[in-house]
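Student: quick one: sequence and predicted model below, then my questions.
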Amino acid sequence: MKAQGTVFKYGDNVDTDVIIPARYLNTSDPAELARHCMEDIDKTFIQKVRPGDIIVAARNFGCGSSREHAPIAIKEAGVSCVIAATFARIFYRNSINIGLPILECPEAAAEISAGDTVAVDFATGKITNVTTGRSFQAEPFPPFMQKLIAAGGLPQYMSAQD
Amino acid sequence: MVSLMSMTQTQKILARHAHLETVRAGQLIMADLDLVLGNDITAPVAIREFAKFGKPRVFDRDKVALVPDHFTPNKDIKAAEQCACMRAFAADQQITNYFEVGRVGIEHALIPEKGLVTAGDCVIGADSHTCTYGALGAFSTGVGSTDMACGMATGQAWFKVPSAIRFVLEGQFGPHVSGKDLILHIIGLIGVDGALYQSMEFTGPGVAALTIDDRFTVANMAIEAGAKNGIFPVDETTLAYLREVGAREPVIAAADGDAAYEATYTINLGKLRPTVAFPHLPSNTRTIDEAGDVRIDQVVIGSCTNGRLSDLRAAAAILKGRSVAPHVRAIILPATQKIWLEAMEEGLFRIFVDAGCAVSTPTCGPCLGGHMGILAAGERAVATTNRNFVGRMGHVESEVYLASPVVAAASAVAGRLAGPAELDTL
Ligand code: SF4
C-alpha cells in the first residue's frame, strides 16, 4: 500500500477541536464532517485538499477530545496519510481502528515543508520527499496493528478472531 | 534491582483483566471490560460501527452506559436526532444504564455517583475524560467510537500496556488551593504531551489530604498531559466513597514497591498557589499572582472537572453577599441532577442568583462550545473546565482561562482574572 500527495504542514499540539470543531458534532455524517475539516486552524484547507494529499505535523497531533469524528473527517476529506513527530494516543488508536494510515517520524516531520510532494510506502515505513529527494524511515506498525489494518479496521479484525 | 515481576498499579489491573500473571510496558493485550461508556456525540458513531461486528446484542446490558450529556437538553434538530438514535438503541438493547434528561448528569460526575465504577475495574469510554475514574483506583481510559463499538460487542478492548510517571504528593493544600491547582501545576510542569502513552500514578503521604472530589479533578485532567490514565491508590477515603454510592466490591491493586517509573516528581501541596492556564493550552500556566490585568466577559463554573457539590460550595463561599461585575455573565452548571438538588436544598442557588449568576440544568454545554454560553470574537472566559484550545468555547478569536471554582468566582466579582485575596481590596 502506497500513497503520494502534496503536503499540508502544521505545528505542535494540533487538537481535535481545531480538526473538527464541536459545533459540527451534532452530526456524524462523514461527508458533512469532512466539509469542516481543519476549519479552525486552516480555513482554506478544504478548498485546497486533493485526494491523496498528506498532512505533516510536529508533536502531539490529535490531542484533546476522543472524537473519532477527527480522523473520520481527515480520511473523508481525501487525505491519504498523516505523518507527525508524535500522535496523541486516542487519535492514534482511532486512526488505526478506522483505517486512516498514520506514521510517526520526527525527522520527516521536521524536514518536510508545506507544498512538498511526498510518497509513503506503508509496508516498509519509508517516506520519500519527492521534491527534495530526501527519504526517511518511520517505525513500521507492530504485527498486531498490521493485521488490524489489513483486515480493514477493528470490527473486521475482531469478527475474524471468533 | 527492579524485578521482572514488578508492576505499577495500572499494570496490575491490566494484567488481571487480560488473565495474565504479569504484563510489561509495551506489551499488546486484550483486556476484559467492566464498563463501556458513550455519550450523545460518540455513541451514534459507535452504534453505526456496532452493526459491523455482526452481534445482535451487546455483551452485557448492565455493563454499557449511555449518557446524553453534551448537546442536551437537545440543542437543535441535529442534536435531537443523535439523541434519538442513542435512545432507540438503548431501548432496543435494554441498556440498564441509560440516563434520560431529568435523570442525567455529565457522564464523569454521574457514573461514579451511580456506583457504576469500583476500585480495580477496567473501564473504557468514548470520551477522553473517562480517565476521571482513576480517582477511585480503577484503570479507566478514553477511546474512540470504534473501540466503544468493539467493547459493546465483545466486552473487550486492546491496549498497549503503558509505562508510568509517578507523582509523590507531600504536605497539604493551603487556603483557596484545591485539586484543580494541583493538576494545572503538574500540566504546566510536564507539558500537554508530558505523559504521552503513559500512566500518571499519584502517591505519597499527601494523597490522604486530598478529598475524593480533588482526586476526581486531578485524574480528570490526566488526558491534558497526554496520559493514557491517571490513578490514585485506594485508601479509607476511596472505600468510604465506594460504600456511600453502593459500588461493587473493590479489588485493590497497589503498585509494587520496586515498580519501574519513567520519572518521579515530588510535589509539596503546601507550596502550591491558585493556578490559571492561559490560552490556548492547559500547560500555559501561571499562578494567580502572575496573572496581570485580564478583563473578562464570562465565567463558567461546572463541567466534569469542577461541577461537583464541593465546587459549587467553594464558589458560593466567595459569591455570598457579593455581586458579579455588571459586564460579566456568570453561568453555573451543577454536574448532575443529584448535585443540582443538593445545591438547591443547601441554599446555594439563592446565593448564586442574588449575586447575579445564571444556574443551568446539568449539561456539558459551553465546556465544548456546544450551547448555553458560547463566546463571541474577542471575548474572554474564566472557566473551571479542562480545555482552552482555540475555539473551544466559541469563536476562534475568543479566549478561555482555566481555573478552580474559587478563582472563577472571584474573577466573576472582580470582572477580571482575580484570586480570592484580591476581593478584600476591591
Ligand atoms: S464537561 Fe466538557 S470535558 Fe467534560 S465530558 Fe462534557 S464536554 Fe467533555
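Tutor: Right, received. Where do you want to start?
Student: got a list of what the residue lying closest to residue B:194 once chain neighbours are set aside touches?
Tutor: Across the structure, with CB to CB, 6 or more residues apart in numbering or on different chains as the measure, the residue nearest residue B:194 apart from its sequence neighbours is residue B:225 (4.9 Å). Glycine gets a C-beta too; all of them are placed from N, C-alpha and C. The neighbourhood of residue B:225, defined by CB atoms under 8 Å, 6 or more residues apart in numbering or on different chains, consists of B:186-187, B:190-195, B:200, B:283.
Student: repeat that for residue B:82.
Tutor: Remark: with contacts taken as CB under 8 Å, 6+ apart, residue B:82 is in contact with A:26-28, B:40-41, B:44, B:71.
Student: go through those and name the one nearest the ligand.
Tutor: Each of the contacts of residue B:82 was scored against the ligand by CB to the nearest ligand atom, and residue B:41 proved nearest at 8.6 Å.
Student: tell me how many other residues surround that closest one.
Tutor: Burial measure for residue B:41: 30 neighbouring residues, criterion other CB atoms under 10 Å in any protein chain shown.
Student: was I right about it contacting residue A:27?
Tutor: No. Taking CB atoms under 8 Å as the contact criterion, residue B:41 and residue A:27 are not neighbours in contact, 9.8 Å apart.
Student: gap between residue A:37 and residue B:195?
Tutor: Using CB to CB, to the nearest Å, one obtains 28 Å as the distance from residue A:37 to residue B:195.
Student: give me the more crowded residue out of these two.
Tutor: Using other CB under 10 Å as the criterion, residue A:37 and residue B:195 rank with residue B:195 on top: 29 against 25.
Student: tell me the SS of that one?
Tutor: What DSSP: H, G, I helix; E, B strand; the rest coil gives for residue B:195 is coil.
Student: repeat that for residue B:49.
Tutor: Under the three-state scheme (three-state DSSP), the conformation of residue B:49 reads as helix.
Student: these two touch, right, it and residue B:145?
Tutor: Yes. Taking contact to mean CB under 8 Å, the distance of 6.1 Å between residue B:49 and residue B:145 places them in contact.
Student: neighbour count winner among these two?
Tutor: residue B:145 (28 against 24).
Student: isn't that one right up against residue B:125?
Tutor: No. In this structure, residue B:145 sits apart from residue B:125 without contact. The criterion is CB under 8 Å, and the distance is 10.8 Å.
Student: what sits in contact with each of these two?
Tutor: When contacts are counted by CB under 8 Å, 6+ apart, the set common to residue B:145 and residue B:125 consists of residue B:38.
Student: let me see the contact set for residue A:34.
Tutor: Contact analysis of residue A:34 by CB under 8 Å, 6+ apart lists A:46, A:72-73, A:76-78.
Student: what's the most distant pair in these?
Tutor: In terms of CB to CB, the contacts of residue A:34 reach their longest pairwise distance at A:46 and A:72, which sit 14.3 Å apart.
Student: chain center to the longest strand along chain A, what's the gap?
Tutor: In chain A, with assignment by DSSP state E, the single longest strand is strand A:2-9. Distance of strand A:2-9 from the chain centroid (CA atoms, centre = their mean, to the nearest Å) equals 10 Å.
Student: what sits up against the helix or strand just after that strand?
Tutor: Helices and strands here follow DSSP states H and E; after strand A:2-9, the next one along the chain is helix A:16-19. Residues outside helix A:16-19 that contact it (CB under 8 Å, 6+ apart): A:37-41, A:62-67, A:69-70, A:73-74, A:91, B:368-369, B:387, B:389-392.
Student: tell me the contacts of the residue nearest to residue A:45 when sequence neighbours are not counted?
Tutor: When the adjacent residues along the chain are set aside, residue A:45 lies closest to residue A:38, with 3.9 Å between them (CB to CB, 6+ apart). Shown in contact with residue A:38 (CB under 8 Å, 6+ apart): A:8, A:18-19, A:45-46, A:74, A:77.
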